[in-house]
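*Asks:* How does the following fold in three dimensions:
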Amino acid sequence: MPKLKNEVISKYYYLQNGGVLTANQQATIRNSVQYSNIAKITHFIEIVTPLLQNVTNKNQINRVCKRLHIIPFERLAEFIEITLPLFKDMNNGNQIELVIEELLKIPFENLEKFINIILPLCQEINNGNQIKQIIEQLIIIPLDELNIISEKAYSKFHKKNGTMVNLNNRLNILKDEMLNLEGVGAAYLKANVHSTNIEIEVKKYIDILYGLNNNLTIEKIKDGINDFEIYIKTHSSGKQQEFLLFALNYFKGNDIILLNNSINSSEILARLWYFAISSNNSENAIYSIMSGLMNSFNKPNFKGTVCPHGILLRLITAVLPGRVGDINNRIINNKPINIMNAITFFIAKPETKKIFQKINNTENSKTQQKFINKLIQQAEIYANENPKINKTKFVKMIAQYTTNNNNNNNNNNN
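*Replies:* Okay, here's the model as predicted:
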């Protein structure tokens, strides 16, 4: 299958290729991002220039920038370089945002391969909503399956007169090829969410998920859900946060029957959370959990969710395909947990907060040290319970954080 010419876009594309933003466009971007560092804001503008140079509507620029803000800054330039060919000649920020929203659901390490596979399928399409529909249909397919499906589908996209078929025909051709190839894609399409076909595929991923940690205690399950809820409250707002918390509370605490097996929804949610925070790109994986919850609402009015069984299937297919490798070979991700995420979750724990309060409310230095030692002891216990955390570094950083926090409080009191 021929690939479209891959435009190489550097971080400083606008200097090399003449792309430039107007003063109004730059001002809108500055007001849209939350970085305090001026140099970082300037670099952000440089990076997003090739994507936004044709977008003039302030609200649309703002929406795209807020969506891009989800991406870790150190990966932003690479994200735009990889995905830019999809946005060729696109000047509507709302449509750009739609495509970015779908792309953020893809594991970052798979993104370039995914884009290279689907670019020919999107040939002659510059409508973001149409590209979004193609991505939506293909996003749950493991890359090895997707490559085969794409190859076969692309050969049927051309009419006899040389032109390419329209979007609906492309989607139908893709569906046919997905059905012809047994796997996740076929299972998802063959029937509704209560179909045995998709349940078989999802059960394979759930087995892997359980294999990552066979000894998940009730306390660990509660901690995982609590950490995820904290993440939702600190990384979302408005209606999105309202929907996420509603879906979370509706889903947890249910016993779901899948292929005659009873599966506890709270345990699944906690396991997905622990899997996500130990992934190569934890922010991306966590976003996929949130996306699975959001996709559980009945659209377009978002009034009510699908049943817990349906939420389970949406969560598993949003998070695990492409991240755990070949489900038959059981290749799994054993990367260490991001240290800053671990610190954030530890500090947010209710018992940790209580110890901090005691440290801050005590003026006696010996009593303060007693509570500090207790906090460090709790940090060691937390690291032991989460073996993917770098224990030495974690405990050292908690001790440093505690000392700095205590010194700041003492200075404020003087």
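*Asks:* Buried residues in stretch 123-135, which are they?
*Replies:* 125, 128, 130-135 (16 or more other C-beta atoms under 10 Å). All C-beta spots, glycine's among them, are computed from the backbone N, C-alpha and C.
*Asks:* Hmm, I typed the wrong one, I wanted stretch 392-403.
*Replies:* 394-395, 397-398, 401-402.
*Asks:* Now stretch 37-46: average pLDDT?
*Replies:* Averaged across stretch 37-46, pLDDT comes to 86.
*Asks:* and what of stretch 165-176?
*Replies:* 85.
*Asks:* what comes into contact with it?
*Replies:* 121, 125, 130, 133-134, 137-138, 149, 153, 156-159, 164, 189 (C-beta atoms under 8 Å, 6 or more residues apart in numbering).
*Asks:* Which ones among those residues map onto strands?
*Replies:* Judged by DSSP state E, strands contain none of those.
*Asks:* Kindly supply the PyMOL command isolating those of the residues you listed that are buried.
*Replies:* Buried subset of those, written as a PyMOL selection, criterion 16+ other C-beta under 10 Å:
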select buried, resi 121+125+130+133+134+137+138+149+153+157+164+189
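*Asks:* Identify the farthest-apart pair in the contacts of stretch 165-176.
*Replies:* Taking C-beta to C-beta as the measure, these span a maximum distance of 24.8 Å, between 159 and 189.
*Asks:* circling back to that earlier point, would TSV of the buried residues of stretch 392-403 with distance to residue 284 and secondary structure be doable?
*Replies:* TSV is the format used below for these (distance: C-beta to C-beta, whole Å; DSSP: H, G, I helix; E, B strand; the rest coil):
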residue	distance to residue 284	secondary structure
394	22	helix
395	28	helix
397	24	helix
398	26	helix
401	26	helix
402	31	helix
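*Asks:* Would you reformat the residues you listed as CSV and include pLDDT and distance to residue 98?
*Replies:* Shown next, in CSV, are the buried residues of stretch 392-403 (pLDDT from 0 to 100; distance: C-beta to C-beta, whole Å):
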residue, pLDDT, distance to residue 98
394, 85, 39
395, 86, 44
397, 85, 39
398, 84, 41
401, 75, 40
402, 75, 45
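*Asks:* Which members of those are the farthest-apart pair?
*Replies:* 394 and 402, at 12.6 Å, using C-beta to C-beta across these.
*Asks:* what's the domain layout of this protein?
*Replies:* 1-119, 140-189, 191-319, 340-413 (automatic domain parsing).
*Asks:* Would you mind checking which of the contacts of stretch 165-176 is nearest to residue 359?
*Replies:* residue 138 (52.0 Å).
*Asks:* My guess is that closest one contacts residue 118. True?
*Replies:* Yes. At 6.2 Å, residue 138 counts as touching residue 118 under the criterion of C-beta atoms under 8 Å.
*Asks:* Quick check: neighbours shared by these two?
*Replies:* If you check residue 138 and residue 118 against C-beta under 8 Å, 6+ apart, the residues they both contact are 146, 150.
*Asks:* For this protein, just list every one of the strands.
*Replies:* 255-258, 261-264.
*Asks:* Could you dump these into TSV and include mean neighbour count?
*Replies:* Below are the strands of the chain laid out as TSV (neighbours: other C-beta atoms under 10 Å):
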stretch	mean neighbour count
strand 255-258	14
strand 261-264	13
